[in-house]
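Here is a sequence with its predicted model. Questions after.
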Amino acid sequence: MDYFLDDFQKELVAQARRIGKEKIRPVAAEYDREGKFPWDLVKIFADSGFYSIYIPEEYGGIGHGVMDLVLVTEELSRFCGGISLSVAATALGTFPIVISGNDEQKKKYLPDLAEGKRLAAFALTEPAAGSDAGHIATRAVKKGDKYILNGTKVFITNGGEADINIVIATTDPEKGTRGASAFIVEKGTPGFTFGKEEDKMGIRASATRELIFEDCEVPAENMIGREGEGFMVAMKTLDRSRPGVAAQALGIAQGAFDLATEYAKTREQFGQSIIKFQALQFMLADMAMQIESARATLYATSRMIDAGVKDVAKESSMCKVLASDTAMKVTTDAVQIFGGYGYMRDYPIEKFMRDAKITQIYEGTNQILRMVIARSIIKDINKAS
Ligand code: COS
């Protein structure tokens with residue numbers, strides 16, 4: 001399908017594809033096996049301007065939006081869903097500053113993030129607060145011109161590698177969602193350490209780590225927005241970042257589809273290539289339709305966000321659910337097309353299936369996001385009646 005990308009976007013996609021083919025594909029299996037963070041590729045992404053896409057021009061970025069970020073993330077993820085994640089995860093940790101930060105915070109942090117000199121992370125999840133983001137336990141207590149943070153965040157993407165961490169903590173536990181606040185916490189701040197490095201099923205080239213705060217003193221000027229606005233900062237951020245997860249999922253699905261069609265063309269059984277069997281053709285047709293539906297919804301949502309549409313919780317959830325469910329289905333079918341070889345680590349396809357799974361879980365499980373979609377539908381019905 002033609003999505004009528006402009007010349008800049010076409011060039012961006014071509015550049016990301018080149019990097020994917022030449023730099024990511026040859027090393028993807030090694031990074032996956034060793035579970036190491038791809039700093040050498042981060043440098044290439046930084047030199048290519050991938051971290052600057054969504055940052056306003058006055059703060060060192062190129063002032064484009066979610067759509068261009070999605071195009072790059074999708075393309076890089078065709079080659080490795082783990083290596084590509086440093087870009088989308090940094091966007092997740094940068095959006096709170098872009099959306100709700102003040103001018104000083106933007107001037108201080110955005111130029112380095114745009115250049116890819118420093119990475120960002122977003123820390124909301126805790127051991128006992130995953131989907132129920134309104135009930136976090138990490139505490140921030142005001143003391144003079146500082147806040148003292150205590151608590152633990154888990155499963156933080158880019159954790160340990162990111163210099164700039166957005167931490168959601170409660171300043172008033174009685175108030176639930178209205179008692180949370182958002183802080184910028186720099187790596188190296190006394191009282192801020194890193195815990196367990198997770199050994200994951202997929203996206204193994206990305207870093208996932210615990211963030212531990214023990215009497216960590218954060219300057220009050222590092223609060224994003226006002227006290228009590230942290231939950232809203234988080235929700236608005238996730239509305240913008242979920243298309244990034246959708247793009248990662250879509251890229252993984254497309255990458256698996258590319259490999260599956262190539263294999264089906266060359267693999268022979270019963271005296272002919274298996275792509276000639278209708279059973280396989282129907283599978284490929286379904287995979288292609290699912291991928292294209294996910295892509296159309298993702299691009300439409302991204303364009304809505306860039307056009308300034310305010311309430312995109314429903315659309316952003318829809319594109320994430322659609323693309324991640326598609327990724328799981330398509331990668332599972334791709335393994336099926338490879339047959340016994342698909343199950344073996346010697347072949348690249350099983351990695352796509354492992355990488356796909358997380359996209360149904362993080363930045364809002366697909367169950368929670370279906371709830372967000374349903375709530376929005378009910379709200380619209382009530383408004384109309
Ligand atoms: N944009 C703006 N406002 C929003 C919003 C959004 N996307 N989502 C919720 N809000 C507002 C609500 O309107 C409500 O405002 P009022 O207090 O003025 O009524 C407030 O925020 C609280 O929302 P709600 O009542 O819906 O809170 P719940 O505790 O029921 O939880 C969910 C809402 C489940 C949607 C939220 O906790 C969530 O998104 N959880 C998943 C978190 C997640 O993605 N975790 C992954 C880790 S982050 S990488």
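Okay, I see it.

use CA for all of it now, contacts and neighbours both
Will do.

so what's residue 295 up against?
250, 323 (CA atoms under 8 Å, 6 or more residues apart in numbering).

Please tell me how far it sits from the ligand.
According to CA to the nearest ligand atom, to the nearest Å, residue 295 and the ligand sit 21 Å apart.

same deal with residue 284?
Taking CA to the nearest ligand atom, one finds residue 284 at 32 Å from the ligand.

ok, that residue to residue 291 distance?
11 Å (CA to CA, to the nearest Å).

same thing with residue 1?
For residue 1, the distance to residue 291 - CA to CA - is 11 Å.

With residue 270 instead?
30 Å.

quick one, which of the two is more surrounded?
residue 291 (22 against 6; other CA atoms under 10 Å).

sec struct for the more buried one, please.
Here residue 291 is recorded as helix under DSSP: H, G, I helix; E, B strand; the rest coil.

Look up how far residue 353 lies from it.
Distance from residue 291 to residue 353, by CA to CA: 15 Å.

Show the contacting residues for residue 178.
228-231.

tell me which parts of this structure are close to the ligand?
Proximity of the chain to the ligand is confined to 124-125, 130-134, 177, 232, 235-236, 239, 313, 362-364, 368, 372 under the rule CA under 6 Å from any ligand atom.

filter these to the buried ones?
Buried members of those, counted by 16 or more other CA atoms under 10 Å: 124-125, 130-131, 133-134, 177, 232, 236, 239, 313, 362-364, 368, 372.

out of those, which are inside helices?
232, 236, 239, 313, 368, 372 (DSSP state H).

Residues in a beta bridge with the residue nearest to residue 123 when sequence neighbours are not counted, which ones?
Leaving out its chain neighbours, the residue that sits closest to residue 123 by CA to CA, 6 or more residues apart in numbering is residue 167, at 4.8 Å. As for beta bridges, residue 167 partners with residue 123, residue 183 under DSSP bridges.

ditto for residue 146
residue 143, residue 219.

how about it, what does it touch?
217-220.

Of those - the most surrounded one?
residue 218 leads the contacts of residue 146 on contacts (other CA under 10 Å) with 24 neighbours.

and that residue, how far is that from the ligand?
Residue 218 is 21 Å from the ligand, by CA to the nearest ligand atom.

How about residue 193?
19 Å.

and the helix or strand where that residue lies, which residues are buried?
In this assignment (DSSP states H and E), residue 193 forms part of strand 192-197. By neighbour count on 16+ other CA under 10 Å, the buried set for strand 192-197 is 192-194.

By neighbours, which of the contacts of residue 178 wins?
residue 230 (29 neighbours).

Return the backbone torsion pair for the closest residue to that one other than its chain neighbours.
Spatial nearest neighbour of residue 230, excluding adjacent residues (CA to CA, 6+ apart): residue 181 at 3.6 Å. When read as degrees, to the nearest 10, the backbone of residue 181 gives phi -140, psi 160.
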